[in-house]
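[1] heads up, no residue letters with this:
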């Protein structure tokens, strides 16, 4: 498959998204491989598989306010029954600027829109620390505390709806690595694996 095809697939904005899709997108892994305990009080994400869809739910609590966030993200893709890997993107972003102007970004606009639908707070910098942070709080009883929703960032039933993607999205397996940096150091590494599979 040509490089030109992938460029067009990633950068084209589809004005009308009503054509029936004959594929689904499934996440088999959404995992936190690293988190900085000096930045995060609590991070947890879980996947639920239901009706041929993958739903991610989770929550993040910060120990400190985060004024600047930088992101490095990459995606690899394999066609079915092939060992040849395609690098779909490998980019560095000023996440704060991206979150303010995501509607103008044709490359990652689709992902930003999906996250915005399923978060409880505006994804704007600075990211706020949990209110009344207490070193003695038992995080195993986190749900019993009344945190301000502005300072507890949650993701609820986040999923990749095939109608948000072009009708000619190819089948295959994908792998992403996303690293968030704050306070001049790596703060969080998120790894995903998933598939685009046929569905009628």
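    That came through fine. Please read all numbers here as calculations on a predicted model, not as lab measurements.

[2] now the helices for the chain?
    3-11, 95-101, 109-118 (DSSP state H).

[3] And those, which one averages the lowest pLDDT?
    Ranked by mean pLDDT, the helices of the chain bottom out at helix 3-11, which scores a mean of 46.

[4] Skipping its backbone neighbours, what lies nearest residue 56 in space?
    residue 158 (4.5 Å; CB to CB, 6 or more residues apart in numbering). Just so you know, the C-beta spots here come from the backbone N, C-alpha and C atoms, and that holds for glycine as well.

[5] Isn't the one you found up against residue 114?
    Yes - between residue 158 and residue 114 there is a contact under CB atoms under 8 Å: 6.9 Å.

[6] More neighbours: which of these two?
    With neighbours defined as other CB atoms under 10 Å, residue 158 and residue 114 compare such that residue 158 has more, 20 against 16.

[7] Tell me where the chain is predicted with low confidence.
    The chain contains residues with pLDDT under 70 at 1-18, 98-108, 122-123, 131-151.

[8] what number of residues lie near the closest residue to residue 33 other than its chain neighbours?
    Using CB to CB, 6+ apart and skipping the chain neighbours, the partner closest in space to residue 33 is residue 189 (4.6 Å). Using other CB under 10 Å, residue 189 is surrounded by 16 other residues.

[9] Tell me the bridge partners for residue 189.
    residue 34, residue 179 (DSSP bridges).

[10] Next, the contact list for it, please.
    32-35, 177-180 (CB atoms under 8 Å, 6 or more residues apart in numbering).

[11] mind putting those residues in a markdown table, distance to residue 171 included?
    A markdown table is the format used below for those (distance: CB to CB, whole Å):
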| residue | distance to residue 171 |
| --- | --- |
| 32 | 28 |
| 33 | 27 |
| 34 | 31 |
| 35 | 33 |
| 177 | 22 |
| 178 | 23 |
| 179 | 28 |
| 180 | 30 |
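
[12] Need the max-distance pair from the residues you listed.
    Largest separation among the contacts of residue 189 by CB to CB: 35 and 177, giving 14.4 Å.

[13] what comes into contact with stretch 23-36?
    Contacts of stretch 23-36 (CB under 8 Å, 6+ apart): 43-45, 47, 49, 52-54, 56, 160, 162, 165, 169, 171, 182, 185-199.

[14] Buried residues of that stretch, list them for me.
    Going by neighbour count (16 or more other CB atoms under 10 Å), the buried part of stretch 23-36 is 23-27, 30, 35-36.

[15] Before I go, just wanted to say thanks for your time.
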